[in-house]
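S.K.: Quick one, fold the following:
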Amino acid sequence: VQLQASGGGLVQSGGSLRLSCVASGSTVDNYDIAWFREAPGKKREGVSCVSRRSGRTYYADSVKGRFTISRDTDKKMVYLQMNNLKPEDTAVYYCAARRAFSAGFGTWGQGTLVTVSS
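M.R.: Coordinates of the predicted model:
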């Protein structure tokens with residue numbers, strides 16, 4: 001599978017953005033798909049994940065209640081709806097895929113920059 005992320009931009013604090021991740025070569029329900037982010041000077045962190053089989057979703061504590069991950073298997077898309085954005089959400093966001101929990105996230109899309117102004 002190959003991934004391509006898009007949807008980043010500049011938004012004011014409290015605003016919203018929706019990131020999109022399109023998969024090619026396979027359907028998104030064959031993989032766990034996750035969103036990660038990397039802020040300047042900080043380590044890459046996991047933000048959210050949707051499980052390939054059950055569709056169960058997971059969120060980092062820092063985004064619970066504000067971000068929602070979803071997938072459209074027909075369109076081979078995974079979305080990250082981000083509401084009530086904060087300046088600390090500023091980062092490059094990546095989508096990534098893994099075949100199984102033990103495999104690790106070995107497939108990555110290019111990043112999309114999200115900048116939240118205060």
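
S.K.: rest of the way, CA atoms for contacts and neighbours
M.R.: OK.

S.K.: Not counting its neighbours along the chain, what's nearest residue 19?
M.R.: Leaving out its chain neighbours, the residue that sits closest to residue 19 by Cα to Cα, 6 or more residues apart in numbering is residue 7, at 4.5 Å.

S.K.: I'd say that neighbour and residue 22 touch.
M.R.: No: assessed by Cα atoms under 8 Å, residue 7 is found out of contact with residue 22, at 11.2 Å.

S.K.: Comparing the two, which shows the higher neighbour count?
M.R.: Remark: of residue 7 and residue 22, residue 22 carries more neighbours, 21 against 15, as counted by other Cα atoms under 10 Å.

S.K.: For that one, list the residues it contacts.
M.R.: Residue 22 makes contacts with 3, 4, 5, 75, 76, 77, 78, as judged by Cα atoms under 8 Å, 6 or more residues apart in numbering.

S.K.: so what's the backbone phi/psi at the residue nearest in space to the middle of the chain?
M.R.: Geometric centre of the chain, nearest residue: residue 35, 2.6 Å, by Cα atoms, centre = their mean. Geometry field for residue 35 lists phi and psi as phi -110, psi 130, criterion degrees, to the nearest 10.

S.K.: Residue 96 is in contact with that one, correct?
M.R.: Yes: Residue 35 lies in contact with residue 96 (Cα under 8 Å); the separation is 6.3 Å.

S.K.: which residues of this structure fall in strands?
M.R.: 2-6, 9-12, 17-24, 32-38, 45-50, 57-59, 67-72, 77-82, 91-98, 107-108, 112-117 (DSSP state E).

S.K.: mind putting the ones you listed in CSV, mean pLDDT included?
M.R.: Listed next are the strands of the chain as CSV, based on pLDDT from 0 to 100:
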stretch, mean pLDDT
strand 2-6, 96
strand 9-12, 98
strand 17-24, 96
strand 32-38, 98
strand 45-50, 98
strand 57-59, 97
strand 67-72, 97
strand 77-82, 97
strand 91-98, 98
strand 107-108, 96
strand 112-117, 98
